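Participant: need the 3D shape of this:
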Amino acid sequence: MKCLVVTTHPLSNSLCKLLTDNVVNTLVSMNHDVILEDLYADKFDPVLTPGERQSYYGGSFDASGVADEARRLQDADALVLLFPTWWFSFPAMLKGWFDRVWAPGIAYDHASDFGPITPRLDKLKNVLVVTTLGAPWWVDKLIMWQPVKRVIKIALLQACTKNSSLTYLSLYNSEKLTRQRIKIFRNKIEKALNDWKN
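Facilitator: As a prediction, this is how the structure comes out:
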């Protein structure tokens with residue numbers, strides 16, 4: 001499969017980067033075609049430009065600034081997102097990637113009457129989300145109702161793909177980790193990747 005791995009963390013020695021390396025190595029060992037986008041290392045500009053926003057509802061979206069990212073997303077059979085959850089939301093860099101790359105003409109098409117949108121990411125079948133949170137599980141699940149997971153599952157995947165499967169892995173209390181907990185979480189990631197359907 002063509003696997004797009006998108007990672008988002010400003011620190012090169014972060015847990016997110018360690019988990020990214022594990023994901024890439026696992027996918028390569030499974031003989032998948034892997035493309036890595038490190039939004040910070042690649043200096044991705046997350047700011048939606050005035051021209052891009054104006055073209056959201058124009059004849060066609062101005063994708064000239066994100067043409068490579070758009071092509072890689074459209075070509076992907078599988079997508080892995082690795083990021084920290086900050087304030088129960090996406091890092092700004094990743095949110096900007098969604099704003100600019102998951103755009104009309106790329107991830108979906110507008111209806112002529114601006115009703116329900118039509119998905120365009122027909123190839124995307126497998127999605128794995130790997131995120132870390134400083135909060136305990138019960139705050140995310142019982143108090144906040146997993147806002148990041150709901151946005152990914154409902155607002156992005158249900159709107160822009162036809163039949164993609166989502167596996168969502170959260171590592172809670174990430175500021176109090178032991179090596180054993182990291183090892184267990186890495187094993188969960190490897191199992192999720194091995195469970196992917198081709």
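Participant: going forward, measure contacts and count neighbours with C-alpha atoms only.
Facilitator: Noted.
Participant: any idea which element the most centrally placed residue in the chain lies in?
Facilitator: Most central in the chain under Cα atoms, centre = their mean is Leu81, positioned 3.4 Å from the mean C-alpha point. Of the helices and strands defined by DSSP states H and E, Leu81 is found in strand 78-84.
Participant: picking that back up, what sits against the residue nearest to the centre of the chain?
Facilitator: Residues near Leu81 by Cα atoms under 8 Å, 6 or more residues apart in numbering: 5-7, 127-131.
Participant: now with 7 Å, please.
Facilitator: Taking Cα atoms under 7 Å, 6 or more residues apart in numbering, we find Leu81 in contact with 5-7, 128-130.
Participant: ditto for Leu121
Facilitator: With Cα under 7 Å, 6+ apart, Leu121 has these contacts: 74, 107, 160-161.
Participant: pLDDT score assigned to the closest residue in space to it that isn't next to it in sequence?
Facilitator: Closest residue in space to Leu121, ignoring its immediate chain neighbours: Thr161 at 5.0 Å, by Cα to Cα, 6 or more residues apart in numbering. Looking at Thr161, its pLDDT stands at 97.
Participant: what's the answer for Ser64, then?
Facilitator: 95.
Participant: coming back round to it: look up the residues forming beta bridges with the residue nearest to the centre of the chain.
Facilitator: Note on Leu81: beta-bridge partners by DSSP bridges are Val6, Val129.
Participant: any idea how far it is from Ser60?
Facilitator: Going from Leu81 to Ser60 by Cα to Cα, to the nearest Å gives 27 Å.
Participant: what does Thr118 give?
Facilitator: Thr118 is 15 Å from Ser60, where distance means Cα to Cα.
Participant: which of these two has more neighbours?
Facilitator: Ranked by neighbour count (other Cα atoms under 10 Å), Thr118 and Ser60 place Thr118 first, with 17 against 13.
Participant: what bridges to the more buried one?
Facilitator: Legend: beta-bridge partners of Thr118 under DSSP bridges are Asp109.
Participant: from Tyr57, how far out is the most far-flung residue of the chain relative to its centre?
Facilitator: In terms of distance from the mean C-alpha position of the chain, Asp113 ranks first, at 29.0 Å (Cα atoms, centre = their mean). Asp113 sits at a distance of 11 Å from Tyr57 (criterion: Cα to Cα).
Participant: count of residues packed around Val101?
Facilitator: Neighbour count of Val101, defined by other Cα under 10 Å: 25.
Participant: need the contact list for it.
Facilitator: Counting by Cα under 7 Å, 6+ apart, the residues that Val101 touches are 66, 69-70.
Participant: swap the cut-off to 10 Å and go again
Facilitator: Applying Cα atoms under 10 Å, 6 or more residues apart in numbering to Val101 gives the contacts 46, 48, 63, 65-74, 95, 107.
Participant: swap in Ala70?
Facilitator: So Ala70 contacts 63-64, 97, 100-103, 105-107 (Cα under 10 Å, 6+ apart).
Participant: that concludes my questions; thank you for your assistance.
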